[in-house]
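Colleague: sequence first, predicted model second:
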Amino acid sequence: VQLQASGGGLVQAGGSLRLSCAASGRTLSDYRMAWFRQAPGKEREFVAATNWNGLSTNYADSMKGRFIIFRDSAKNSVDLHANSLKPEDTAVYYCAAGRVGSVWTHWGHGTLVTVSS
């Protein structure tokens, strides 16, 4: 499966963005899906994940209540609704797919989110 992330941009603190991870080659319902991010000078960190049907999700503590991961089966995509954004959310956001546990075998190119104060 090939993944393509989009939707990043520049937003003011407190604003929202909707990131989308579109897939080609296979249906995303075959995979667990996740979003990660990497801020400048920092290691990549986990943001959120969802199981194959979207009924089970989990989030990093700092994203709980602000970010929502959502499967759009019609579009064969997995979106990340990022709300109440903070300057520290500035990062390149990546989507990933995997079949087993936390093993992520497919990665998309990132999309840059910049939050201004």
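Modeller: Right, received. Where do you want to start?

Colleague: mind listing the strands for the chain?
Modeller: Assigned by DSSP state E, the strands in the chain fall at 2-6, 9-12, 17-24, 32-38, 45-50, 57-59, 67-72, 77-82, 91-98, 106-107, 111-116.

Colleague: which other helices and strands contact the second one?
Modeller: To tie it back to what came earlier, the one meant is strand 9-12. strand 111-116 (3 or more Cβ pairs under 8 Å, 6 or more residues apart in numbering; DSSP states H and E). (C-beta placed from N, C-alpha, C; glycine too.)

Colleague: excluding residues flanking it in the chain, which one is nearest Thr27?
Modeller: Asn76 (5.9 Å; Cβ to Cβ, 6 or more residues apart in numbering).

Colleague: distance check, the one you found against Asp30.
Modeller: 11 Å (Cβ to Cβ, to the nearest Å).

Colleague: what's the answer for Asn58, then?
Modeller: In terms of Cβ to Cβ, Asn58 sits 19 Å off from Asp30.

Colleague: on that earlier part again, residues touching the residue nearest to Thr27, list them.
Modeller: With contact taken as Cβ atoms under 8 Å, 6 or more residues apart in numbering, Asn76 is in contact with Ala22, Ala23, Ser24, Thr27, Leu28.
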